[in-house]
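Visitor: Sequence first, then the predicted structure:
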Amino acid sequence: MARTIIIEEFGGPENLKLVDREVGAPGPGEVRIAHVACGLNFIDVYQRTGLYPLDLPHALGMEASGIVEAVGDGVTHLQPGQKAAYAATPPGAYSEARVMPAAQVCPLPDDIPFEDAASIMLQGMTVEYLFHRVWPLKKGDTVLFHAAAGGVGLLACQWARSEGITLIGTAGTDEKCKMAVDNGASACINYRTEDFVEEVKKLTDDKGVDVVMDGVGKDTFDRSLDCLKPLGMMMSFGNASGPVEPVSLLTLAQKGSLKLTRTTLFTFLADHERCQEMAKHLFSKVQSGDVKVNIGQTWKLEDIAEAHRALEARETTGSTILTL
(Lines give C-alpha, C1' and ligand atoms only; values in the text may rest on other atoms or scores of the structure.)
Protein backbone atom coordinates (compact mmCIF):
# COMPACT_ATOMS: atom_id res chain seq x y z
CA MET A 1 0.00 0.00 0.00
CA ALA A 2 1.12 3.55 -0.71
CA ARG A 3 -0.23 6.85 0.54
CA THR A 4 -1.64 8.66 -2.50
CA ILE A 5 -3.41 11.98 -3.14
CA ILE A 6 -6.58 11.65 -5.23
CA ILE A 7 -9.62 13.69 -6.22
CA GLU A 8 -13.12 12.23 -6.43
CA GLU A 9 -14.68 15.40 -7.83
CA PHE A 10 -13.36 18.58 -9.42
CA GLY A 11 -13.06 21.73 -7.34
CA GLY A 12 -10.87 23.51 -4.82
CA PRO A 13 -7.87 22.33 -2.80
CA GLU A 14 -10.23 20.94 -0.17
CA ASN A 15 -11.11 18.17 -2.66
CA LEU A 16 -7.61 16.67 -2.41
CA LYS A 17 -7.79 13.44 -0.39
CA LEU A 18 -5.02 11.32 1.12
CA VAL A 19 -5.80 7.60 0.76
CA ASP A 20 -3.98 4.27 0.86
CA ARG A 21 -3.73 2.52 -2.50
CA GLU A 22 -2.38 -0.88 -3.49
CA VAL A 23 0.64 -0.54 -5.78
CA GLY A 24 0.97 -3.96 -7.41
CA ALA A 25 3.61 -5.29 -9.80
CA PRO A 26 4.64 -3.72 -13.12
CA GLY A 27 3.33 -5.30 -16.31
CA PRO A 28 5.01 -5.30 -19.73
CA GLY A 29 6.49 -1.88 -20.51
CA GLU A 30 5.89 -0.65 -16.96
CA VAL A 31 8.00 0.27 -13.95
CA ARG A 32 7.32 0.41 -10.20
CA ILE A 33 9.01 3.37 -8.57
CA ALA A 34 9.23 4.34 -4.89
CA HIS A 35 9.14 8.13 -4.70
CA VAL A 36 11.42 10.31 -2.60
CA ALA A 37 10.01 13.67 -3.76
CA CYS A 38 7.48 14.97 -6.26
CA GLY A 39 6.88 18.31 -7.91
CA LEU A 40 3.94 20.71 -7.80
CA ASN A 41 2.89 22.44 -11.04
CA PHE A 42 0.04 24.49 -12.45
CA ILE A 43 -1.08 21.57 -14.59
CA ASP A 44 -2.00 19.85 -11.31
CA VAL A 45 -4.35 22.75 -10.55
CA TYR A 46 -5.89 22.57 -14.03
CA GLN A 47 -6.59 18.86 -13.50
CA ARG A 48 -7.95 19.37 -9.98
CA THR A 49 -10.40 22.05 -11.14
CA GLY A 50 -11.49 20.14 -14.25
CA LEU A 51 -10.01 22.59 -16.78
CA TYR A 52 -8.08 19.55 -17.98
CA PRO A 53 -10.67 16.80 -17.30
CA LEU A 54 -9.75 13.42 -15.84
CA ASP A 55 -11.79 10.28 -15.31
CA LEU A 56 -12.67 10.29 -11.62
CA PRO A 57 -11.55 9.25 -9.10
CA HIS A 58 -7.96 9.94 -10.13
CA ALA A 59 -4.57 10.45 -8.54
CA LEU A 60 -2.75 13.72 -9.25
CA GLY A 61 0.84 14.81 -9.82
CA MET A 62 2.92 14.80 -13.00
CA GLU A 63 6.56 14.61 -11.87
CA ALA A 64 8.63 12.82 -9.26
CA SER A 65 11.94 11.19 -8.47
CA GLY A 66 12.82 8.03 -6.61
CA ILE A 67 14.20 4.51 -6.82
CA VAL A 68 13.15 1.90 -9.38
CA GLU A 69 11.80 -1.10 -7.45
CA ALA A 70 10.87 -3.38 -10.36
CA VAL A 71 10.55 -3.32 -14.15
CA GLY A 72 8.20 -5.21 -16.44
CA ASP A 73 9.01 -7.19 -19.56
CA GLY A 74 10.50 -5.15 -22.38
CA VAL A 75 11.93 -2.38 -20.20
CA THR A 76 15.66 -2.09 -20.92
CA HIS A 77 16.63 1.51 -20.06
CA LEU A 78 15.92 1.13 -16.33
CA GLN A 79 17.05 -1.39 -13.71
CA PRO A 80 15.86 -2.16 -10.14
CA GLY A 81 17.76 -0.08 -7.60
CA GLN A 82 18.45 2.72 -10.10
CA LYS A 83 17.74 6.39 -9.43
CA ALA A 84 15.09 7.75 -11.78
CA ALA A 85 12.93 10.80 -12.38
CA TYR A 86 10.10 11.74 -14.71
CA ALA A 87 7.54 14.17 -15.94
CA ALA A 88 4.89 11.97 -17.49
CA THR A 89 1.30 10.95 -17.92
CA PRO A 90 -0.91 9.62 -16.49
CA PRO A 91 -1.11 11.69 -13.28
CA GLY A 92 -0.23 9.89 -10.08
CA ALA A 93 3.05 11.31 -8.80
CA TYR A 94 1.55 12.52 -5.50
CA SER A 95 2.21 9.13 -3.93
CA GLU A 96 4.73 7.09 -2.00
CA ALA A 97 4.98 4.60 -4.86
CA ARG A 98 3.27 3.75 -8.13
CA VAL A 99 3.29 1.54 -11.21
CA MET A 100 3.41 3.51 -14.47
CA PRO A 101 4.53 3.33 -18.12
CA ALA A 102 8.33 3.20 -18.23
CA ALA A 103 8.97 5.00 -21.54
CA GLN A 104 9.04 8.50 -20.03
CA VAL A 105 10.86 7.56 -16.81
CA CYS A 106 14.48 8.67 -17.11
CA PRO A 107 17.66 7.43 -15.42
CA LEU A 108 18.81 10.08 -12.94
CA PRO A 109 22.54 10.84 -12.62
CA ASP A 110 23.97 10.03 -9.20
CA ASP A 111 25.17 13.61 -8.64
CA ILE A 112 21.69 15.15 -8.94
CA PRO A 113 19.70 14.90 -5.65
CA PHE A 114 16.18 13.50 -5.66
CA GLU A 115 14.73 16.81 -4.44
CA ASP A 116 16.41 18.76 -7.24
CA ALA A 117 15.22 16.30 -9.86
CA ALA A 118 11.62 16.42 -8.61
CA SER A 119 11.69 20.20 -8.91
CA ILE A 120 12.99 20.44 -12.48
CA MET A 121 11.69 17.55 -14.59
CA LEU A 122 8.46 19.14 -15.78
CA GLN A 123 9.61 22.75 -15.61
CA GLY A 124 13.11 22.10 -16.93
CA MET A 125 11.99 20.02 -19.88
CA THR A 126 9.38 22.69 -20.60
CA VAL A 127 12.20 25.20 -20.94
CA GLU A 128 14.22 22.72 -23.02
CA TYR A 129 11.48 22.28 -25.61
CA LEU A 130 10.55 25.98 -25.69
CA PHE A 131 14.14 26.97 -26.45
CA HIS A 132 15.13 24.07 -28.70
CA ARG A 133 12.15 22.27 -30.25
CA VAL A 134 9.33 24.72 -31.02
CA TRP A 135 11.20 27.32 -33.07
CA PRO A 136 14.90 27.62 -34.04
CA LEU A 137 16.05 30.17 -31.46
CA LYS A 138 19.64 31.29 -31.82
CA LYS A 139 22.24 33.33 -30.01
CA GLY A 140 21.34 37.02 -30.07
CA ASP A 141 17.56 36.49 -30.26
CA THR A 142 15.30 38.34 -27.83
CA VAL A 143 12.56 36.64 -25.79
CA LEU A 144 9.78 38.06 -23.61
CA PHE A 145 9.03 35.60 -20.81
CA HIS A 146 6.04 36.13 -18.52
CA ALA A 147 6.11 35.03 -14.85
CA ALA A 148 9.89 35.08 -14.97
CA ALA A 149 10.26 34.47 -11.22
CA GLY A 150 8.21 31.28 -11.21
CA GLY A 151 9.63 27.80 -11.40
CA VAL A 152 9.71 27.67 -15.20
CA GLY A 153 10.67 31.34 -15.42
CA LEU A 154 13.80 31.19 -13.28
CA LEU A 155 15.03 28.17 -15.20
CA ALA A 156 14.28 30.00 -18.47
CA CYS A 157 16.31 33.01 -17.32
CA GLN A 158 19.33 30.81 -16.65
CA TRP A 159 18.86 28.81 -19.83
CA ALA A 160 18.67 31.97 -21.94
CA ARG A 161 21.87 33.32 -20.38
CA SER A 162 23.69 30.05 -21.11
CA GLU A 163 22.55 30.18 -24.76
CA GLY A 164 23.37 33.85 -25.39
CA ILE A 165 19.69 34.76 -25.73
CA THR A 166 18.39 38.05 -24.35
CA LEU A 167 15.44 37.41 -22.05
CA ILE A 168 13.13 40.19 -20.87
CA GLY A 169 10.96 38.99 -18.00
CA THR A 170 7.79 40.13 -16.31
CA ALA A 171 6.81 39.60 -12.67
CA GLY A 172 4.39 41.03 -10.12
CA THR A 173 6.75 42.55 -7.55
CA ASP A 174 10.09 44.32 -7.51
CA GLU A 175 11.49 41.47 -5.41
CA LYS A 176 10.47 38.90 -8.02
CA CYS A 177 11.91 41.08 -10.78
CA LYS A 178 15.23 41.13 -8.96
CA MET A 179 15.17 37.35 -8.72
CA ALA A 180 14.68 37.09 -12.47
CA VAL A 181 17.57 39.44 -13.19
CA ASP A 182 19.80 37.66 -10.69
CA ASN A 183 19.06 34.42 -12.57
CA GLY A 184 19.96 35.78 -15.98
CA ALA A 185 17.19 38.00 -17.32
CA SER A 186 18.57 41.09 -19.05
CA ALA A 187 15.66 43.08 -17.59
CA CYS A 188 12.41 42.39 -15.75
CA ILE A 189 9.25 44.47 -15.86
CA ASN A 190 6.95 44.81 -12.85
CA TYR A 191 3.62 44.47 -14.65
CA ARG A 192 1.72 45.88 -11.66
CA THR A 193 3.49 49.25 -11.84
CA GLU A 194 4.62 49.42 -15.48
CA ASP A 195 3.06 48.87 -18.91
CA PHE A 196 4.96 45.86 -20.18
CA VAL A 197 4.26 46.63 -23.85
CA GLU A 198 5.72 50.13 -23.53
CA GLU A 199 8.71 48.85 -21.56
CA VAL A 200 9.43 46.10 -24.09
CA LYS A 201 9.39 48.68 -26.89
CA LYS A 202 11.84 50.85 -24.93
CA LEU A 203 14.14 47.93 -24.22
CA THR A 204 14.20 46.84 -27.88
CA ASP A 205 14.48 50.30 -29.49
CA ASP A 206 10.85 49.97 -30.60
CA LYS A 207 11.61 46.80 -32.59
CA GLY A 208 9.87 44.25 -30.40
CA VAL A 209 11.02 40.76 -29.49
CA ASP A 210 11.57 37.70 -31.66
CA VAL A 211 9.59 35.37 -29.40
CA VAL A 212 7.08 35.60 -26.54
CA MET A 213 6.86 32.63 -24.17
CA ASP A 214 3.62 32.92 -22.22
CA GLY A 215 2.46 30.50 -19.55
CA VAL A 216 0.07 33.03 -17.97
CA GLY A 217 -2.64 32.95 -20.64
CA LYS A 218 -5.73 35.13 -20.62
CA ASP A 219 -4.31 38.18 -18.79
CA THR A 220 -1.19 38.58 -20.94
CA PHE A 221 -1.92 37.05 -24.33
CA ASP A 222 -3.46 39.91 -26.34
CA ARG A 223 -0.93 42.54 -25.31
CA SER A 224 1.92 40.11 -25.78
CA LEU A 225 1.16 40.08 -29.50
CA ASP A 226 1.95 43.81 -29.49
CA CYS A 227 5.43 43.04 -28.14
CA LEU A 228 6.44 40.95 -31.15
CA LYS A 229 8.39 42.22 -34.12
CA PRO A 230 7.00 41.40 -37.59
CA LEU A 231 7.21 37.65 -38.29
CA GLY A 232 7.63 37.02 -34.55
CA MET A 233 6.57 33.83 -32.79
CA MET A 234 4.04 33.64 -29.96
CA MET A 235 4.45 30.49 -27.83
CA SER A 236 1.47 30.04 -25.52
CA PHE A 237 2.12 27.16 -23.13
CA GLY A 238 -0.07 27.69 -20.05
CA ASN A 239 -3.26 29.11 -18.55
CA ALA A 240 -2.30 30.37 -15.09
CA SER A 241 -4.76 33.29 -15.39
CA GLY A 242 -7.32 31.33 -17.41
CA PRO A 243 -7.57 30.03 -20.99
CA VAL A 244 -6.96 32.38 -23.91
CA GLU A 245 -10.01 33.57 -25.85
CA PRO A 246 -10.31 32.55 -29.53
CA VAL A 247 -7.92 34.43 -31.83
CA SER A 248 -8.68 35.65 -35.36
CA LEU A 249 -6.07 34.77 -37.96
CA LEU A 250 -6.58 38.26 -39.35
CA THR A 251 -5.26 39.66 -36.07
CA LEU A 252 -2.00 37.83 -36.63
CA ALA A 253 -1.80 39.23 -40.16
CA GLN A 254 -2.55 42.79 -39.06
CA LYS A 255 0.11 42.72 -36.33
CA GLY A 256 2.90 41.71 -38.70
CA SER A 257 2.35 38.19 -40.09
CA LEU A 258 2.87 36.73 -36.63
CA LYS A 259 3.19 33.04 -35.90
CA LEU A 260 1.27 31.40 -33.05
CA THR A 261 1.51 28.02 -31.40
CA ARG A 262 -0.19 26.52 -28.35
CA THR A 263 2.26 23.92 -27.13
CA THR A 264 2.18 21.19 -24.51
CA LEU A 265 5.18 19.46 -22.99
CA PHE A 266 3.63 16.02 -23.16
CA THR A 267 3.36 16.12 -26.95
CA PHE A 268 7.14 16.39 -27.05
CA LEU A 269 7.64 13.77 -24.34
CA ALA A 270 5.38 11.20 -26.00
CA ASP A 271 8.26 9.89 -28.12
CA HIS A 272 10.53 7.76 -25.91
CA GLU A 273 13.82 8.67 -27.58
CA ARG A 274 13.06 12.39 -27.67
CA CYS A 275 11.98 12.33 -24.02
CA GLN A 276 15.24 10.69 -22.98
CA GLU A 277 17.26 13.18 -25.07
CA MET A 278 15.45 16.12 -23.46
CA ALA A 279 16.13 14.77 -19.97
CA LYS A 280 19.82 14.23 -20.74
CA HIS A 281 20.08 17.79 -22.09
CA LEU A 282 18.43 19.13 -18.94
CA PHE A 283 20.67 17.08 -16.64
CA SER A 284 23.76 18.29 -18.51
CA LYS A 285 22.71 21.90 -17.95
CA VAL A 286 22.40 21.21 -14.22
CA GLN A 287 25.67 19.29 -14.02
CA SER A 288 27.58 22.05 -15.85
CA GLY A 289 26.21 24.73 -13.53
CA ASP A 290 24.46 26.59 -16.36
CA VAL A 291 21.16 25.90 -14.60
CA LYS A 292 20.90 25.96 -10.82
CA VAL A 293 17.89 24.46 -9.09
CA ASN A 294 15.77 26.91 -7.08
CA ILE A 295 13.42 25.15 -4.65
CA GLY A 296 11.40 27.94 -3.12
CA GLN A 297 8.96 25.87 -1.04
CA THR A 298 8.77 22.37 0.41
CA TRP A 299 5.66 20.72 1.82
CA LYS A 300 4.85 17.29 3.19
CA LEU A 301 2.51 15.13 1.12
CA GLU A 302 -0.27 15.51 3.69
CA ASP A 303 -0.10 19.31 3.33
CA ILE A 304 -0.93 19.21 -0.38
CA ALA A 305 -4.05 21.43 -0.05
CA GLU A 306 -1.99 24.22 1.51
CA ALA A 307 0.57 23.89 -1.26
CA HIS A 308 -2.11 24.20 -3.96
CA ARG A 309 -3.57 27.30 -2.30
CA ALA A 310 -0.17 29.00 -2.22
CA LEU A 311 0.52 28.18 -5.86
CA GLU A 312 -2.85 29.53 -7.03
CA ALA A 313 -2.39 32.71 -4.99
CA ARG A 314 0.98 33.24 -6.71
CA GLU A 315 2.69 33.26 -3.34
CA THR A 316 5.42 30.87 -4.50
CA THR A 317 8.79 31.56 -6.11
CA GLY A 318 10.97 29.07 -7.91
CA SER A 319 9.93 25.43 -7.76
CA THR A 320 7.76 23.69 -5.19
CA ILE A 321 8.22 20.09 -4.08
CA LEU A 322 6.48 17.59 -1.84
CA THR A 323 8.58 15.23 0.25
CA LEU A 324 7.58 11.71 1.16
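Guide: It's in. Numbers count the residues shown, from 1 in each chain.
Visitor: buried ones in the helix or strand hosting Tyr129?
Guide: Applying DSSP states H and E as the criterion places Tyr129 in helix 114-132. Using 16 or more other CB atoms under 10 Å as the test for burial, helix 114-132 gives 114-132. All C-beta atoms are positioned from the backbone trio N, CA, C, and that covers glycine.
Visitor: show me what contacts Lys176?
Guide: 148-149, 188, 317 (CB atoms under 8 Å, 6 or more residues apart in numbering).
Visitor: follow-up on the earlier one: roughly how far out does the helix holding Tyr129 sit from the chain middle?
Guide: 6 Å (CA atoms, centre = their mean, to the nearest Å).
Visitor: on that earlier part again, tabulate the contacts of Lys176 in JSON lines, adding columns for pLDDT, neighbour count and secondary structure.
Guide: Below are those laid out as JSON lines (pLDDT from 0 to 100; neighbours: other CB atoms under 10 Å; DSSP: H, G, I helix; E, B strand; the rest coil):
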{"residue": "Ala148", "pLDDT": "94", "neighbour count": "29", "secondary structure": "coil"}
{"residue": "Ala149", "pLDDT": "90", "neighbour count": "29", "secondary structure": "coil"}
{"residue": "Cys188", "pLDDT": "98", "neighbour count": "26", "secondary structure": "strand"}
{"residue": "Thr317", "pLDDT": "80", "neighbour count": "21", "secondary structure": "coil"}
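Visitor: Check those residues and tell me the two furthest apart.
Guide: Taking CB to CB as the measure, the contacts of Lys176 span a maximum distance of 12.9 Å, between Cys188 and Thr317.
Visitor: Return every residue with contacts to both of these two.
Guide: 149, 176.
Visitor: quick revisit: can you name every helix or strand that the helix holding Tyr129 contacts?
Guide: Where contact means 3 or more CB pairs under 8 Å, 6 or more residues apart in numbering; DSSP states H and E, helix 114-132 is packed against strand 30-40, strand 63-71, strand 83-87, helix 151-163, helix 265-269, helix 272-288, strand 295-300, strand 319-323.
Visitor: Just want the angle from it to strand 63-71.
Guide: The directions of helix 114-132 and strand 63-71 differ by 110 degrees, with axes from the mean of the first three to the mean of the last three CA atoms, to 10 degrees as the criterion.
Visitor: Next secondary structure after helix 114-132?
Guide: Moving toward the C-terminus from helix 114-132, the next helix or strand (DSSP H and E) is strand 142-145.
Visitor: How many residues are close by Gly296?
Guide: 18 (other CB atoms under 10 Å).
Visitor: Next up, the contacts around it.
Guide: Contacts of Gly296 (CB under 8 Å, 6+ apart): 151, 316-320.
Visitor: at 10 Å instead, please
Guide: 119, 149-151, 154, 179, 310, 315-321 (CB atoms under 10 Å, 6 or more residues apart in numbering).
Visitor: What subset of those is buried?
Guide: By 16+ other CB under 10 Å, those give 119, 149-151, 154, 179, 310, 316-321 as buried.
Visitor: a markdown table please, covering these and showing distance to Ala2.
Guide: Shown next, in a markdown table, are those (distance: CB to CB, whole Å):
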| residue | distance to Ala2 |
| --- | --- |
| Ser119 | 21 |
| Ala149 | 34 |
| Gly150 | 30 |
| Gly151 | 26 |
| Leu154 | 31 |
| Met179 | 36 |
| Ala310 | 25 |
| Thr316 | 26 |
| Thr317 | 30 |
| Gly318 | 28 |
| Ser319 | 23 |
| Thr320 | 21 |
| Ile321 | 18 |
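Visitor: For those residues, name the two members farthest from one another.
Guide: Largest separation among the buried ones among the contacts of Gly296 by CB to CB: Met179 and Ile321, giving 17.9 Å.
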